[in-house]
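K.L.:
Fold the following and give me the result.
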Amino acid sequence: MRPVPLRRALLPMAALLAAFLAMPAFAQQPPSPPADIPDGAAPDEPMSLAPLLPDSVDPATLLKPPGAGAAAPKAAPKEAAAPAFTLQAKLTDKGDPLKAGVVWRVFADKPGKDGKLPLIRQAKGGVVQVPLKPGSYIVHVSYGRAGLSKEVKVGGTGGEETIVLNAGALKLTALVGKDRELTAAQVKFDIYPGSEATDQETNAIASDIAPEQAVRLVAGTYHVVSRYGDANASVRADIRVEAGKLTEARLFQKAARITLKLVSESGGEALANTSWSVITPGGDSVFDSVGAFPAVVLQIGDYTAVAKHDNQIHEKNFTVESGSDREVEVMAK
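P.N.:
Residues are numbered from 1 along each chain as shown. This is a model prediction of the structure:
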């Protein structure tokens, strides 16, 4: 049997090597950067994918005789676990750490490609421990509507940081007449920055707050508006919130609930399909409605009720007294 020349034997192997090297390379796609401050949960841990093929291939490994085997690639060294870093918040410097209701967000200290600080970690509760690699971070803590950001540095063995929020809480109630307390269905509160702010009743810090609802706020002075009903009954006050304390405030409404009815005779049945307006002495309309028994909450003062029925207009002057809810009859003449 004639021996095959070595040159001819190597040709199939060379073709195999060329075909292998022409294969497309496999690349791991980098994870998408996290959002600046997402509303949902903290981002998942980045996936750790082992390469599908070694970075380089030695042609000699493809020419070894059968059974020789190729050298196994070395396993990538495992990344050391990040040390735990403890975060806690206090209302005042001498207070105890908050046990619940705190939201923590940890950001990188340098903006990403989108110009925002990438979110690294997020946690909820009171005192929390988050794994962080050594370096600098921006930590934001929020407790209700009280929030604060601070730069922290993490060492090789972790560490801890305490953030003092200098915050308290505000609880509001409203009364009318002889100390009759109004319910959540009757009154709502809006909270604005303090009396020194420009355009005081724009950009509310908190809106539609119900009575007895505690609102967590940074210590300071706030402008509060109490709205009774949907017309013109409102009361305003500037209230000081102290750090570490629950401030309770009562606002007294000078108003009453008025029910309007158009009748053919005193005590008679209300006429349906009636259009209504309530006008102040200065000519301003504070209420408009259509129906037989419209009701409106009005602050104390003098008003004129105007009823339009069957193309006829009927009027009556009346006075509103604090806490005196009543019917106002307009006679159809």
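
K.L.:
State the helix or strand in which F252 lies.
P.N.:
Secondary structure from DSSP states H and E places F252 in strand 246-253.

K.L.:
gap between the following helix or strand past that strand and the chain center?
P.N.:
Going down the chain from strand 246-253, the next helix or strand is strand 255-263, by DSSP H and E. Centroid separation for strand 255-263 versus its chain: 40 Å, with CA atoms, centre = their mean, to the nearest Å.

K.L.:
outside of strand 255-263, which residues touch it?
P.N.:
The contact list for strand 255-263 (CB atoms under 8 Å, 6 or more residues apart in numbering) reads 176-177, 228-229, 233, 269-271, 274, 276, 278, 289, 292-300, 305, 307, 309, 314, 318, 320-332. All C-beta atoms are positioned from the backbone trio N, CA, C, and that covers glycine.

K.L.:
Just the buried residues of it, please?
P.N.:
Neighbour counts over strand 255-263 (16 or more other CB atoms under 10 Å) mark A255, A256, R257, I258, L260, K261, L262, V263 as buried.

K.L.:
What residues are bridge-paired with the last one?
P.N.:
On the basis of DSSP bridges, V263 is bridged to M331.

K.L.:
The first one too?
P.N.:
Each beta-bridge partner of A255 is listed here: Q299, as defined by DSSP bridges.

K.L.:
mind starting the numbering at 49 from now?
P.N.:
Sounds good: first residue 49 from here, last item A303.

K.L.:
how many neighbours does Q347 have?
P.N.:
Around Q347 there are 19 other residues, counting by other CB atoms under 10 Å.

K.L.:
Can you verify my assumption that it contacts N280?
P.N.:
Yes: between Q347 and N280 a contact is recorded at 5.4 Å, counting by CB atoms under 8 Å.

K.L.:
ok so, going back, for the strand holding F300, list every residue counted as buried.
P.N.:
T295, A297, L299, Q301.

K.L.:
Let me have the residues you listed in CSV, adding distance to D256 as columns.
P.N.:
Converted to CSV, the buried residues of strand 294-301 look like this (distance: CB to CB, whole Å):
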residue, distance to D256
T295, 20
A297, 17
L299, 15
Q301, 17
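
K.L.:
CA-only coordinates of the one helix or strand F155 maps to in PDB, if you can.
P.N.:
Using DSSP H and E, F155 sits in strand 150-156. Extracted in PDB, the C-alpha atoms of strand 150-156 (Å, rounded to 0.1, in the frame of the first residue of the first chain):
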ATOM      1  CA  VAL A 150     -38.300  54.600  54.300                       C
ATOM      2  CA  VAL A 151     -37.300  54.300  50.600                       C
ATOM      3  CA  TRP A 152     -33.600  54.100  49.700                       C
ATOM      4  CA  ARG A 153     -32.100  54.600  46.300                       C
ATOM      5  CA  VAL A 154     -28.400  54.300  45.600                       C
ATOM      6  CA  PHE A 155     -27.000  55.900  42.400                       C
ATOM      7  CA  ALA A 156     -23.600  56.000  40.800                       C
END
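
K.L.:
Please state the offset of it from the chain centre?
P.N.:
The answer for strand 150-156 is 14 Å, by CA atoms, centre = their mean.
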